[in-house]
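In: Sequence first, predicted coordinates after that:
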Amino acid sequence: MIVNVETWDGCPRHEKILMRIIEENYQRTVGPNVPSLRRYEAFSSTVYGELMPSLIQEIIKLTGLNEKSLFLDLGSGVGNVVVQASLHSGCTSYGIELMEHPARVADDSLKQAQIRCRMWGVTMGKVELEKGDMLASRRLDELIPQADVVLVDNKVFEESLNEALRPKFLDLKEGAYVVSLKPFVSAVNARVTKRNVDDMSAIFHVEERQYHPGSVSWGSNGGSYFIHRVDRTGYARLKERFDTQHGSSTRSSRSRR
């Protein structure tokens, strides 16, 4: 098999084999557990749901994940995203999951993916999984300043959890991405005003993108996801211009008195 794979020219990182590994791995490790994984508290932050391989691949390409990148998945579930990210791009991945059952499935999924990689003669980047609370994890706090891409499947997260996560992004480096199913900024690319000029969300440039039907496990329709990119340089220019304009306006107002 390894000899045959090496003859497949024009196939970056043996794309056919990578997708076969992902599909086989899912069917063997995750598929049998889907009924029990769906026993969740409806409309809570622990609702189980997955991003499909097509959407994951799109995110990998849009954010430029590669062998030198660090990818974090907050609420990593069964580990399918971190496995695919490290398999397709060679990046180092870290996932943290609070719920016991998905975390156990993720451990098994990673082991099986590594076995299949050895069988097919392909390599994947390092993957680290943690079962724990993303708000309390010391390991996550260590990794965030180094991260290139952070994924948060927060479609059903309670607003209090989204709010608690936002300060963590202050430690992200320039140019880092946060990809989420709900925006962490109140309005996409909102105008800088007196009200929000000092809000941490102003450091993000945000783009709303559409995903196609079949891209997520919780519905058959399409929808939106959001790519936030840290842009402190752009924010600094905007804030300086705002402060200058605001200062001029204040001085003019005082002079008229």
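Out: Received the coordinates, thanks. Numbers count the residues shown, from 1 in each chain.
In: All the strands of this structure, residue numbers only.
Out: Here the chain has its strands, by DSSP state E, at 70-74, 92-97, 127-131, 149-152, 177-180, 204-211, 223-230.
In: I'd like those strands as CSV, with mean pLDDT appended.
Out: Conversion of the strands of the chain to CSV gives the following (pLDDT from 0 to 100):
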stretch, mean pLDDT
strand 70-74, 98
strand 92-97, 97
strand 127-131, 98
strand 149-152, 98
strand 177-180, 97
strand 204-211, 92
strand 223-230, 94
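In: Switch the ones you listed over to JSON lines; also include distance to residue 24 and mean neighbour count.
Out: Yep, even glycine has a C-beta here, placed from its N, CA and C like the rest. Formatted as JSON lines, the entries for those read as follows, by distance: least, C-beta to C-beta, whole Å; neighbours: other C-beta atoms under 10 Å:
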{"stretch": "strand 70-74", "distance to residue 24": "21", "mean neighbour count": "26"}
{"stretch": "strand 92-97", "distance to residue 24": "19", "mean neighbour count": "26"}
{"stretch": "strand 127-131", "distance to residue 24": "17", "mean neighbour count": "19"}
{"stretch": "strand 149-152", "distance to residue 24": "23", "mean neighbour count": "25"}
{"stretch": "strand 177-180", "distance to residue 24": "26", "mean neighbour count": "23"}
{"stretch": "strand 204-211", "distance to residue 24": "24", "mean neighbour count": "16"}
{"stretch": "strand 223-230", "distance to residue 24": "27", "mean neighbour count": "19"}
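In: For residue 83, which of the ones you listed is the nearest?
Out: Between residue 83 and the strands of the chain, the tightest spacing by C-beta to C-beta is seen for strand 127-131, at 6.4 Å.
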